[in-house]
Structure formats: structure tokens, C-alpha cells
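Undergrad: Predicted model follows, preceded by the sequence.
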Number of protein chains: 2
Amino acid sequence: MSLLVVGSVAFDTVETPFGKADRVLGGSATFCVLAASYFVQPRLVGIVGADFPAEFLEEFTRRGVDLAGLQVSREGKTFHWSGRYEGDMNAAQTLGVSLNVLGSYKASVPENFRDSEYVFLANDHPQTQIDVLKAVRGQPFAVADTRDFWISEEPKLLEQLLKHLDGLVLNEHEARLLSGHANLVRAGATILGMGPGFVVIKKGEHGALLFSPEGTAAIPACPLAEVRDPTGAGDAFAGGLMGYLASSGKRSLDAVRRGLTYGTVTASVAVEDFSVKPFQTLTRDELNDRHDAFLRAIRF
Amino acid sequence: MSLLVVGSVAFDTVETPFGKADRVLGGSATFCVLAASYFVQPRLVGIVGADFPAEFLEEFTRRGVDLAGLQVSREGKTFHWSGRYEGDMNAAQTLGVSLNVLGSYKASVPENFRDSEYVFLANDHPQTQIDVLKAVRGQPFAVADTRDFWISEEPKLLEQLLKHLDGLVLNEHEARLLSGHANLVRAGATILGMGPGFVVIKKGEHGALLFSPEGTAAIPACPLAEVRDPTGAGDAFAGGLMGYLASSGKRSLDAVRRGLTYGTVTASVAVEDFSVKPFQTLTRDELNDRHDAFLRAIRF
């Protein structure tokens, strides 16, 4: 079935203990669709500037991503994020943000994407997320991410969004902020009570927690001997989850659980090198092998 | 089969964001045998002072612990540890250590404990750990813990010990120090190469990693809505693991994996309240229920 992904496409400038990458391909939608592309041909809605190189567009088309919803602004420049990871690399330190074309952009869904059955709303203004969801016909299976800024600045709108979601995927810092609980089990239960069908709290290298009416589940991250650049891990996680769900056509909690194992693996792929490099060479067979190995690693 | 546990029995004075407990029952062997007591009747080797209250002894006998190896010194005082947990409570800040009777004590195994088939050596001088192991007849299944002090001060002896172990259980800080690797997957692989049949790296609330010739496995901690006092979690983890192994009579990696699920659950029990309080009321049925729930929570 069809998967719509709405989010940012960006230039990233990233520094980690393993090196530096300047103006490489990044953005939440980028990592999400590339991860999802191993399962379906995802539809991307976003915007880039006139400075966006054709070779970056090829990264998407090569993996079968439908770019009919990617606006290319003639005047503006592409959104540019700069950040640094230090120590255990569990959190990025943002060094600079140039919104550029993102500043005045409001995501809108092209007519031929409005029949999407699965929708992932990457971090954005909750009003935009609500509007995008309304633009999709029928009852799409909708999962969203958010971030600290919207939790603090637009709590009412975020509350409204949560009532319309099948799932919310957020990191531990955001979960604590949104729920007011330091303990993640309480945080997850509280957020679940706000409306979404399930809640996933991402803990980076420590895996993730799943909250649903069936109870709480815990999944470790893939044990990795090397993490070179954690950028995009969370979005690749969402991409693996949503890609699997869309390809299965299922919406059950069992399917979400299975999707989380794929999301964990696509996240582990994303962090092995800078930018989208790991997705340039990974085949579907290799992804399956890694998934099999991961299932063996967590079978107790 | 029989399980021998060698380690400390102590007074603990503990402060956490949830309260304070003064001169309560603690020690590595204490938490280990109480956790193991749900599976076998563990044999304890250790020492306490004349100030050790009879009611504390009852905590052991009530749970079927064999105290024939517990020396009671007429002159000395019981080992006393004071510490504090703050913030996410993942690491204790030691405020005071009075070795007391532990200062001149060298663990020795009574004759009737020398046929033990399973042995857990809690943190101690590696020479003592080696001597204890030698004192046990036959080929006991031996698992040890250690700590940063011995890794720094007695690396040669520790190396020697590792060659005689079926398993080593240590926390992430210790694993990094012992291996020289910040990445835990590299750390575990390096320590595995030092001799033990398997290595478990404990990550507190983030679960544990298992390294063996079969590869790396990852197990999450039990998702808990409240952690009041993390003291003893690691020793209760080892106790659940060793208790299960001894009760099963198995030594296979599959049995170790199953043992880790029990260790995770007994650790989760230990942290729910101060000192050994949670073990005063927990029944074997309740432990089984929690174990079943945990298996459901990690089945993906």
C-alpha cells in the first residue's frame, strides 16, 4: 500500500568524533523515505531550494521514491542544519539552523498523493501536521513525530493532533517534556492517554519502548561495533516501521511490533556512516540478513 | 544443584530521591542469594561483625539460604557502605566505606560447600576469587563479577581469573575500563577474548548485552514505573541468573540466555524498594508472573 512521508529535506553539516561532513544530504523526510524504500515506493512531500544538487535528487529516485510532492523553490535556498556529536554521541548539539525555504513553507499534499493509506508526519508545526492529515482522504494510518519546540510553544494544537493519530514516535527527552514525567514508563502511559493508538519512545543506542493498550514492550537497539554519525537514526527508525506497515497492509499492534524490529535495523544502518551513504549500497537481501540477525540477538 | 555465592554482607546507608535508609541490610552476596533463593537454596560465604542483628540473619534463613559459610566476627564490626543516588539514579555516589571486618577477611569455603556445582564470585580481590574457585572440587560452573579498583590495581591477577571463568558479569563502566574500548560491543568482544565462556555487560535501566562465541545478544531491562533504590540490582541480576542455572542443572548458552531473563526480573524486583524489602514479600508465583510478563514485553 502507499506511504506518504511529510518532512524536511536538508543540507547537513555534521561533526562527530569520526569525522566531518559538509553540506551533505540530510533531513527528516530524507532518512525516513530512504529507510522505507526497502519496503514500498514512498511518496515524499517537502521543499528544497534552487541550490539543491541534481545528484541529491538521484539518491531518492534511485531508491524508487516518488518526488511528485517535492517542491523546488526557484528563489530560496535549501534548509541547512549544522550540528556536532560528542562523547557517547547520544544527543546532537545544534550549531546552526538556516531555515531558508522552510521558513515560509507550508506542506501541502498533491492531489495524486491524497489516497495514501499510511502517513508519516515528521516533526513540523502541529497545525501543518493536522492540515496534512485532513488533506488525505479516507482513514489513513497516521503516525507522527514532534519536537521540544512544539511541545513548549503549541501544546494545545499538539493535543489536538494526538487525538487523530494511530501512533506517536518521539525521543525520551520529548516524552519527558510532553508528559511531565521523568520516568519513561509513566511518560509513555501518560502520552498514550492523550489519544494516540500507540506511543514509541526512542532511546537511541538503548533501543525503544512501545506503549499500547496491550501494555509496555521494550526493544533493544542493534548492538553496533561502530557508530560514525547518529544523524537521521530516529527518522530511519520511523521509515523502517512505516515502510514495513505499508508493505504489509496491516494496522494491528502485532504488525507495529514487527515494524519496530525493522525500524531498529534501518536505524542501525543509518548511523554506520555519514549522511545517506549506508543506503547507497545496502540491498534488500542485506537488510533481511541484518533483520534475521537482530531477531536472533533479541530472542530470549 | 548447589549454588555457592561468595561476597559481602553489609550495612547500607542509602539516599535516593525517594527517601533514605540507615544501616539497612545490604551487600553483594545478600542481594545475590536472596534473588537466587527463588530457584535453589544458595550457600553463602562471607563475614559480618558482632553488631549484625539477628533479624537480618532471619532474612536469609527465611528464604532458605545456607549460612554455614557466614562467619560472625566477635570483635569486628560489619562492613558499612554509604551512598547516594541522584537524577536518573544510574550510578551510585559512594559517600563512605567502612571495611571493618572485611578489611582482614579472606573468604574461605567450608568443607561441606566444596562440592558446589555452580559458583558466583561477587566483586573481591581477584586472588581471593582464584583461591575460592580452587577450593571447590570438580569443575564448577563459575561466574564472577569485578570492579574498577581491581581492574586498575590487579590486572594480572584478574587476567588469570578470567581464564578460569565460565562467565564474567560486569557493568558498562567496568567493561570500558577492562577492555580499553568505549564502544560496548567492542568492549564485550575484547573481554570475551580474555578467556571467559561468556560476558554480560550490565547497563542498568537499559538492560544488558551478552557476548559469547555465538555472537552478541541484547536484552532490555524490565520497564518500571518506579525505581526507589537501585542498590543491589546488579547482584540480584547475577542471583537470578545463577539461581536459574543451578536449578536447571544446565550450562549451555541457551540456559544462560534464559537465566538472563530471570536475572533481569530479580533485578527489577530489587530496585522497587530500599534494601531487601521487595524480597520479603515476593512469592515464587509472583516472580513467575513477572517473568511471563517480561517475556511478553520483549517478544518481537
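TA: It's in. Keep in mind it's a predicted model, so treat the numbers as computed, not measured.
Undergrad: which residue does the stretch 1-150 of chain A bring closest to chain B?
TA: A:Asp88 (7.6 Å; C-beta to the nearest C-beta). For glycine as for every other residue, the C-beta is placed from the backbone atoms N, C-alpha and C.
Undergrad: Name the residue closest to the centre of chain A, please.
TA: Central residue of chain A (C-alpha atoms, centre = their mean): A:Asp235, 2.4 Å from the mean position.
Undergrad: Would you mind putting the CA coordinates of whichever strand or helix holds it into CSV?
TA: A:Asp235 is part of helix A:233-248 when elements are defined by DSSP states H and E. These are the backbone C-alpha positions of helix A:233-248, laid out as CSV (Å, rounded to 0.1, in the frame of the first residue of the first chain):
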residue,chain,number,x,y,z
ALA,A,233,18.6,7.5,13.2
GLY,A,234,15.2,8.4,14.6
ASP,A,235,13.8,9.2,11.1
ALA,A,236,15.2,6.0,9.6
PHE,A,237,13.6,4.1,12.5
ALA,A,238,10.2,5.6,11.6
GLY,A,239,10.9,4.9,8.0
GLY,A,240,11.5,1.2,8.6
LEU,A,241,8.5,1.0,10.8
MET,A,242,6.1,2.7,8.4
GLY,A,243,7.6,1.1,5.3
TYR,A,244,7.0,-2.4,6.8
LEU,A,245,3.5,-1.5,7.9
ALA,A,246,2.6,-0.1,4.4
SER,A,247,4.1,-3.1,2.7
SER,A,248,2.2,-5.5,5.0
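Undergrad: other SSEs contacting it?
TA: Judged by 3 or more C-beta pairs under 8 Å, 6 or more residues apart in numbering or on different chains; DSSP states H and E, helix A:233-248 is in contact with strand A:3-6, helix A:28-36, strand A:118-121, strand A:141-144, strand A:167-171, strand A:198-202, helix A:253-270.
Undergrad: any residues touching stretch A:78-90, and which ones?
TA: The set of residues external to stretch A:78-90 that reach it, using C-beta atoms under 8 Å, 6 or more residues apart in numbering or on different chains, is A:8-17, A:23, A:26-27, A:47-49, A:51-52, A:91-102, A:204-205, A:227, A:229-231, B:182.
Undergrad: of the residues you listed, buried ones?
TA: Listed as buried from these are A:8-16, A:23, A:26-27, A:47-49, A:52, A:92, A:100-102, A:204-205, A:227, A:229-231; burial here means 16 or more other C-beta atoms under 10 Å in any protein chain shown.
Undergrad: Verify the stated contact: A:Pro42 with A:Val65.
TA: Yes. A:Pro42 is in contact with A:Val65 according to C-beta atoms under 8 Å; the separation is 5.6 Å.
Undergrad: Touching both of the two, which residues are there?
TA: Common neighbours of A:Pro42 and A:Val65 (C-beta under 8 Å, 6+ apart) are A:Val33.
Undergrad: For A:Asn90, report the pLDDT, please.
TA: Looking at A:Asn90, its pLDDT is 76.
Undergrad: Looking at the strand or helix carrying A:Asp285 now, give me its mean pLDDT.
TA: Using DSSP H and E, A:Asp285 maps to helix A:284-297. Across helix A:284-297, pLDDT averages out at 98.
Undergrad: what does chain A put close to chain B?
TA: Taking C-beta under 8 Å from any C-beta of the partner chain as the contact definition, chain A meets chain B at A:88, A:182-186, A:189, A:203, A:206-207, A:209, A:215-227, A:257-258, A:260-261, A:293, A:295-300.
Undergrad: now, which of those residues lie within strands?
TA: Counting by DSSP state E, the residues of chain A next to chain B place A:209, A:215-219 in strands.
Undergrad: okay but A:Arg114 is in contact with A:Val136, surely?
TA: Yes. With contact defined as C-beta under 8 Å, A:Arg114 reaches A:Val136; the gap is 5.6 Å.
Undergrad: Which of those two has more residues huddled nearby?
TA: Set A:Arg114 next to A:Val136 and count neighbours by other C-beta atoms under 10 Å in any protein chain shown: A:Val136 wins out with 19 against 13.
Undergrad: Which strands or helices does the worst-scoring helix or strand of chain A on mean pLDDT pack on?
TA: Of all helical and strand segments in chain A, the minimum by mean pLDDT, DSSP states H and E falls on strand A:92-98, at a mean of 92. With contacts taken as 3+ C-beta pairs under 8 Å, 6+ apart, strand A:92-98 sits against strand A:10-16, strand A:80-85.
Undergrad: And A:Pro213, how far from A:Val200?
TA: 14 Å (C-beta to C-beta, to the nearest Å).
Undergrad: Compare those two and say which is more crowded by neighbours.
TA: A:Val200 (30 against 8).
Undergrad: In CSV, list the helices and strands packed on helix A:233-248 along with mean pLDDT.
TA: Below are the helices and strands packed on helix A:233-248 laid out as CSV (pLDDT from 0 to 100):
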stretch, mean pLDDT
strand A:3-6, 98
helix A:28-36, 98
strand A:118-121, 98
strand A:141-144, 98
strand A:167-171, 97
strand A:198-202, 98
helix A:253-270, 98
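Undergrad: okay, those, which one's buried deepest?
TA: Mean neighbours per residue, mean count of other C-beta atoms under 10 Å in any protein chain shown, is largest over these for helix A:28-36, with a mean of 32.
Undergrad: other SSEs contacting that helix?
TA: If you count contacts as 3+ C-beta pairs under 8 Å, 6+ apart, helix A:28-36 packs onto strand A:3-6, strand A:43-48, helix A:54-61, helix A:233-248, helix A:253-270.
Undergrad: how about the ones you listed in CSV, adding distance to B:Val169?
TA: Converted to CSV, the helices and strands packed on helix A:28-36 look like this (distance: least, C-beta to C-beta, whole Å):
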stretch, distance to B:Val169
strand A:3-6, 43
strand A:43-48, 47
helix A:54-61, 45
helix A:233-248, 29
helix A:253-270, 25
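Undergrad: Return the nearest residue of the stretch 51-200 of chain A with respect to chain B.
TA: Nearest residue of the stretch 51-200 of chain A to chain B: A:Val185, at 4.4 Å (C-beta to the nearest C-beta).
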